[in-house]
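Peer 1: here is a sequence with its predicted model. Questions after.
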Amino acid sequence: MLALIQGSLNAQRGQLLGHPLRGTLMNFAVGEIILRGILIVGVGFPQRADLSKAPRYLYSAGFIGVLL
């Protein structure tokens, strides 16, 4: 249900900003701010050593998220 609402809001924002990619940029920017707040208040940021343990291909999920 929320995915439908998000799609509609993103489309409207893209129209207001003149291009869908501008709406997408704002979506990710707001999401980043909220996620940082959750990490600061809740679980904390991961350590660099922990990030380097993950196989590189796992980081492609962020790239795929932009494309979808």
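Peer 2: Structure's in. What do you need?
Peer 1: okay, CA-based contacts and neighbour counts for the rest of this
Peer 2: Fine.
Peer 1: any idea which helix is longest in the protein?
Peer 2: Across the chain, the longest stretch assigned as helix under DSSP state H is helix 20-41.
Peer 1: which residue is nearest the middle of this structure?
Peer 2: Phe28 (4.1 Å; C-alpha atoms, centre = their mean).
Peer 1: how much space between that residue and Ser52?
Peer 2: 24 Å (C-alpha to C-alpha, to the nearest Å).
Peer 1: swap in Leu21?
Peer 2: Remark: distance between Leu21 and Ser52 (C-alpha to C-alpha) = 30 Å.
Peer 1: Gly62 too?
Peer 2: In this view, Gly62 and Ser52 are 16 Å apart by C-alpha to C-alpha.
Peer 1: how about Met26?
Peer 2: From Met26 to Ser52 the distance is 28 Å (C-alpha to C-alpha).
Peer 1: do Gly42 as well
Peer 2: 22 Å.
Peer 1: check His19 too.
Peer 2: Distance, His19 to Ser52, by C-alpha to C-alpha: 36 Å.
Peer 1: just Leu25 next, same as before
Peer 2: Remark: distance between Leu25 and Ser52 (C-alpha to C-alpha) = 27 Å.
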